[in-house]
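I would like to see how this sequence folds:
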Amino acid sequence: MTVKTTLLSLLFCGLPICSTAAWAASSPLLDKPVREIQLPLPPPPDVPDAKPMLTCWYYSRFMIKQLDAGEKGASELAIVPFGSGRPEPVCRDGTDSNEHVIQDWSGYFWGVKGDYVLFHADDSVNGGMGFAVFSAASYRKLHTGIMSDHSLRTLQLLAPASTRGTDPRIALPPPALLMRYRSHYLAPCSLRSNLSACWGTIRRVLNLGQAAAPDCNKAYAIQEQQAPAQYKRAAASNPTVITYEAEAVIDGSGALRLSAASPTTKCFPAE
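Numbers count the residues shown, from 1 in each chain. Predicted structure coming up:
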């Protein structure tokens, strides 16, 4: 077993490896780690064929730790800060005194931008991949969503407006994070079975400016044709998935502003 290769493209070997993560190096939007260590671990006695892997990514002020035991989703994801008198942590199978284990996300490490840590889900749903943004400073989960094809249009830090003048004792907030991506929104209703009411709900929730609902009938018709006879009528009531270009801004205090940056680009019934 190796760490999930869909995004990380990690290679297994017999000794710890220090390298730049291939997935991070291939994306100019994500910060490159200072180094990466892969540490193969001994298999548990009851699963002798397993090949668990511990991977640590070091950045300037923190380390991301991922333990992949070969099951769906990492067994452990953690943020380990260092600096300001705290020593750089060792990549090891054990709990560091400064280690903060991520409790409210299941998946894999994706990347880092500034002090923001991104994780992705352990599987896709309705053609999209779930993701989460955490603060490396507060360890809070700041934003979650479902992104189409892992495609980030924009990922950048926005410099905070200075309010301290020349007084260095007044600390500036950390930079805000701007994300633009193609979002998958699972509506609580079906545009096929209740067009007017459902579209009103979608427009209100996503704050969409477009007046006319997208035409999902062809996609629903295909699903209805493929459904067993006893489920054809029910297929029309399957919730609608809407795709659109989303813009998320997470400010230095962790507040989120989410808005639609385009009309809907696609719609289809949920699986």
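
how about stretch 55-68: buried residues?
Residues T55, C56, W57, Y58, Y59, F62, M63, I64, K65, Q66, L67, D68 are the ones in stretch 55-68 that count as buried (16 or more other Cβ atoms under 10 Å). C-beta coordinates here come from the backbone N, C-alpha and C atoms, glycine included.

I meant to write stretch 112-130 there.
Applying 16+ other Cβ under 10 Å to stretch 112-130 flags 112-122, 124, 126, 128-130 as buried.

wait, a strand at M179?
Yes - M179: assigned to a strand according to DSSP: H, G, I helix; E, B strand; the rest coil.

which ones are touching the residue lying closest to it once chain neighbours are set aside?
In this structure, M179 finds its nearest non-sequential neighbour in A248, 4.5 Å apart by Cβ to Cβ, 6 or more residues apart in numbering. Each residue near A248 by Cβ atoms under 8 Å, 6 or more residues apart in numbering is listed here: H143, G145, L177, L178, M179, R180, Y181, L256, R257, L258.

dump the residue contacts of the fifth one.
Neighbour list for M179: V133, H143, L152, T154, L155, A246, E247, A248, V249, I250 [criterion: Cβ under 8 Å, 6+ apart].

residues contacting D104?
Counting by Cβ under 8 Å, 6+ apart, the residues that D104 touches are K141.

that one: helix or strand, and which one exactly?
If you go by DSSP states H and E, D104 is not part of any helix or strand.

ok, so what distance separates it from L29?
The gap separating D104 from L29 is 25 Å, by Cβ to Cβ, to the nearest Å.

check T243 too.
20 Å.

so between these two, which is more surrounded?
T243 (22 against 13; other Cβ atoms under 10 Å).

what are the phi and psi values at A229?
phi -50, psi -40 (degrees, to the nearest 10).

that one: neighbouring residues, count only.
Counted with other Cβ under 10 Å, A229 comes out at 6.

for R92, same thing?
Around R92 there are 13 residues (other Cβ under 10 Å).

and it, what does it touch?
Counting by Cβ under 8 Å, 6+ apart, R92 has contacts L39, L54.

what's the per-residue pLDDT of the residue nearest to the spatial centre of the chain here?
The residue lying closest to the centre of the chain (Cα atoms, centre = their mean) is F131, at 2.0 Å. F131 is assigned 94 on the pLDDT scale.

was I right about it contacting L142?
No - using Cβ atoms under 8 Å, F131 makes no contact with L142, being 11.5 Å away.

anything in contact with each of these two?
Shared contacts of F131 and L142, counting by Cβ under 8 Å, 6+ apart, come down to nothing at all.

what's the distance between A261 and R182?
10 Å.
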